Structure formats: C-alpha cells, structure tokens
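S.K.: Could you work out the structure for the sequence below:
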Amino acid sequence: MPTQHNRSRSESLESNSLQPESEKSVVPIRSELLDLPSRKHIPTLSPKQEGKHIWFRHDTTGKITKQILKMLKSDLPKPYPTYRSLPQEIKNRWFRAFAQEFNWDSNITEYVRTNYAKQADLSFRSNLREWKKLWKHRGPENLPEWMKAKKSLFDGYIKMWTDEKAVKTAAKNSKNRSSDRGGLGIAIHNNGAKTYERRWDEMTTELGKEPNMIYFMEETHLNKKTRIITDMKTKKILEIAKSKLELTNSHCQTEGDNSTQPKAATQEDINSIMLEVVPKVKGGRYGFGKFLNEECSSSTSTPRHIPDLREEIQILKKHELEKNAQIKYLMECNKLLFEQFPQLRPPEHPSTPSIDEDEMQA
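M.R.: Predicted coordinates for the structure are as follows:
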C-alpha cells in the first residue's frame, strides 16, 4: 500500500515534471524535480554503479525489469507487437512512471531515456514470448487470472499469434535458433535469464577482480550439473585460444627465460588472444554480447562494461540541436512580438561583473 510520502512524490512528479503531452513528441522530465530531497531514498541510476547505484543491464536487483513488467501489465491498451510500435504518448507515460520509482543525476536524463528504451524493448519481447508459451502450454481457458482479466488484449494477441504470416515467421525464427551452425550444433549457454553484463559483475564480486575472458566464457557455458561445456562452437573457440596461449608462453621461455617453471599468463595476455579468436556477431562478440569495449587495443585488452561514450555524445549532440532549434523559434517569436508592439522594450542584458587584478592573483 503506497504511503502518503510516496503518493505526494508521485503526484508532484506527475503534475509538475512534464510539459503538455503530444502524441508524437518526447516529453521531457524537468531537472529540478529529479533533485528534490524527497526522492533521495528511492533507487538511484548511475552508469558508474557507485555504492548501491544500479544501471540497466547490470541491475542485480531486478527492480528495473520488474517496473517495466508492471507497465506492460497495467498500461498496454492494444496488442502491440513490440515496444517500438507503441505510440509515443504511451512511451511517455511509461517513462514518466519509471521516473517516479527511480532517481538519477538530471544531467544524464537523455542517456537514461535511451537506455530505458533499449531495456523496455528487450523486456517487452521477452515477456511477450513468455505469454505466448503460457497460452500454447495451458490453452486460453487456463491462463493466469491477470491475463483473463485482460481478455480483449489477449484475444488480440492470440489472433496475432495464430495469424498465418506470423506463424510462418515464428517457424522461420525457431528454425534459425535451432541451426546447427555449420555442424557445430544448436547454441547452448548456461547463463539463464541473466545478461552478460550482470554475470560479469557477479564474477567480479566473487573473485575480487575482473575475470579473464577464458574464465568468463567457460563459466557461462559450463553445465551446472556435469561441469562440462556442451556447446561445440564455444569448445572450439576455447581450444584455439588455449592453444595460442600455450604457444605464446613457449615462445617467451625460448627467448631467454631460463626458468624451468612455465610463466603464468597474465590477464592481459589471455584477453588479447581471446579478442583475436572470438568472432564478432551482430555488433558484439560471441559469448560476450555488446559489453566489451571495442576501442581497447590488444596491449590493454581488458573487457569493459562502461557506457558507450560515442552513444552518449550523439545523445548530447541531438539534445543541443533541439535546444538550438527552440532558441531560434523563441527568437523569431520575440521578433514578431516587437514588430507588432514596438512600444515594448526587452530588459537590459545583464553585464558580466569585472574581476580586479588583485582578485585574479588571489
């Protein structure tokens, strides 16, 4: 049951944080409301994940995906096939509701919005697949009560799922997922529903340092019961990487190391070889997704799960262009206003206070 404090926080954000809503425009969150003292106790988002701060694909609490699921269950008026197909007004409501339950530095609002959209898109597709599985396994009469309560919505989804074209597309996608990958068999990993980023964070906590890439790939593909890697493509990659590593170590000993003990490979050595061996797939790396820092050189090849700075720069540039367009529009409005009412006079531009030489030296 929401407390009076939570209700007042939500009402404040709902009534004051947004400009009049447009069906096509993204509605901004006002920065001063994100900085309200009453919001300090709610979960805080930060790409750097300092202290208890969380971030989207690194969220170990599950709070972000649960909040998106709540919006899926409560604010989905029609059977839309994807998050991207939602009208902008619904996306605005979802993000507004998200802002009621999470806080962040107002300077990164656009970055939060972009990452929220990515997470919402993934969660939407994932939950829709689960709903379809429930319907196929249980039948329409044995669905959970909350699904039965939304009969018109799920009637629409069932119609979509049984559509001949959709059935063919689903069969094609299923066949692609079941591909033997050139004789290497169907892809198998044992990461569960956890993202690669989240699993990397967990291993870093367990080990007290970042895992090397061989260890990470082994752990995410080992069968939990047999401790055997059954995915043939992964086995092949690891065998090649370990073979290259042994060859590199033997060369190091031949070139002047008189020690009888083989020199232990450093994390940098291991990751450098793995970056050579692990293929790129759909903009990411096989077995690692997209969280590796593609800008790292082979000499400093440590995986990074820091935010993509290029993406953040693009967001800031877009935000700057939007601000410039607004300023230009306001200036045109002012010009027309002064032409219509010449007796009006704009206020004097504030002068910049001068700094004495003594103050500068101080």
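
S.K.: what packs against the helix ranked longest in the chain?
M.R.: Secondary structure assigned by DSSP state H gives helix 309-340 as the longest helix of the chain. In this structure, helix 309-340 packs against helix 109-138, with contacts taken as 3 or more CB pairs under 8 Å, 6 or more residues apart in numbering; DSSP states H and E. (Glycine included, C-beta is placed from N, CA and C.)

S.K.: List the buried residues of the helix it packs on.
M.R.: By neighbour count with 16 or more other CB atoms under 10 Å, helix 109-138 contains the buried residues 109-117, 119-120, 122-124, 128, 131, 135.

S.K.: just for this structure, where's the confidence low?
M.R.: Counting by pLDDT under 70, the chain has low-confidence residues at 1-25, 27, 166-167, 170-193, 251-263, 292-312, 349-362.

S.K.: quick one: the helices in the stretch 51-200 of the chain?
M.R.: For the stretch 51-200 of the chain, the helices defined by DSSP state H, counting those that start in this stretch occupy 63-74, 88-101, 109-138, 145-148, 151-162, 164-177, 196-207.

S.K.: Torsion angles phi and psi at R285?
M.R.: phi -120, psi 140 (degrees, to the nearest 10).

S.K.: How about it: which residues does it bridge to?
M.R.: K280, G289 (DSSP bridges).

S.K.: That one: neighbouring residues, count only.
M.R.: A total of 21 residues lie near R285 under the criterion other CB atoms under 10 Å.

S.K.: hang on, it packs against E276?
M.R.: No - R285 is not in contact with E276 according to CB atoms under 8 Å; the separation is 11.4 Å.

S.K.: so who does the nearest residue in space to P279 that is not next to it in sequence touch?
M.R.: Counting by CB to CB, 6 or more residues apart in numbering, P279 lies nearest to Y286, which is 5.1 Å off, once chain neighbours are set aside. Contact partners of Y286, counting by CB atoms under 8 Å, 6 or more residues apart in numbering, are 233, 237, 278-280.

S.K.: mind checking the backbone torsions on Y286?
M.R.: phi -60, psi 130.

S.K.: How about T44?
M.R.: Dihedral angles (degrees, to the nearest 10) for T44: phi -110, psi 140.

S.K.: So what pairs up with it in the strands?
M.R.: Beta-bridge partners for T44, by DSSP bridges, are N103.

S.K.: Hmm, it is touching H53, no?
M.R.: Yes - contact criterion CB under 8 Å: T44 and H53 qualify, at 4.8 Å.

S.K.: and the closest residue to R113 other than its chain neighbours, how many neighbours does it have?
M.R.: Of all residues not flanking R113 in the chain, F95 sits nearest, at 6.3 Å (CB to CB, 6+ apart). By the criterion of other CB under 10 Å, F95 has 20 neighbours.

S.K.: quick one: F95 from D105, how far?
M.R.: Distance from F95 to D105, counting by CB to CB, to the nearest Å: 16 Å.

S.K.: Could you do Y215 as well?
M.R.: With CB to CB as the criterion, Y215 and D105 are 34 Å apart.

S.K.: what do you get for M71?
M.R.: M71 sits at a distance of 23 Å from D105 (criterion: CB to CB).
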